[in-house]
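[1] Please work out how this folds:
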Amino acid sequence: MHHYILCLRQQLKNTKVKVIELFPPAVQKLAELHDEKHQPDIKDGRNWGMPLDQFTDEAYEGLAAGKEEVAVEKAKIWYDSFEPQRQKVFYDMIAAMS
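    Have a look, this model is predicted:
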């Protein structure tokens, strides 16, 4: 999905449409799939991840700042570790095709 969003953003760059991508971590209260009802071998799965209010605040901060890509908490660690290099390759390829 992420690469599709990069391509879509590139196609729409000269329009008024802004494509925003949110990279969420695991979030408490949204982790019903990890509770004992759905996965009996997992104990206390609803408490995985960051608290919902903390996630909402951090995500909103990035959105309010006008960022096109908002990585939150642990997803930010993943994002920062290799996404800038991967996007450089993507945009270099776009430039070479122009």
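[2] Only C-alpha atoms from now on, for both contacts and neighbour counts.
    OK.
[3] Distance of residue 27 relative to residue 60?
    Separation of residue 27 from residue 60 (C-alpha to C-alpha, to the nearest Å) stands at 15 Å.
[4] Looking at the two, which is more packed in?
    Of the pair residue 27 and residue 60, residue 27 is the one with more neighbours under other C-alpha atoms under 10 Å, namely 19 against 14.
[5] Which residue is the nearest non-sequential neighbour of the more buried one?
    residue 49 (4.6 Å; C-alpha to C-alpha, 6 or more residues apart in numbering).
[6] okay, now that neighbour: neighbour count?
    As a burial measure, residue 49 scores 17 neighbours (other C-alpha under 10 Å).
[7] what do you get for the one 10 residues further on?
    Residue crowding around residue 59 was assessed by other C-alpha under 10 Å; the count is 19.
[8] which residues touch it?
    Taking C-alpha atoms under 8 Å, 6 or more residues apart in numbering, we find residue 59 in contact with 22, 70, 71, 72.
[9] Could you pull up the residues touching the closest residue to the second one other than its chain neighbours?
    For residue 70, ignoring the flanking residues on the chain, the nearest one in space by C-alpha to C-alpha, 6+ apart is residue 22 at 4.8 Å. Taking C-alpha under 8 Å, 6+ apart as the criterion, residue 22 is in contact with 59, 69, 70, 71, 72.
[10] In helices, which of those appear?
    Judged by DSSP state H, the contacts of residue 22 include residue 59 as members of helices.
[11] What is the nearest of the contacts of residue 22 to residue 78?
    residue 71 (8.7 Å; C-alpha to C-alpha).
[12] Looks like the closest one contacts residue 20 (just checking).
    No: the pair residue 71 and residue 20 does not pass the contact test of C-alpha atoms under 8 Å, sitting 11.0 Å apart.
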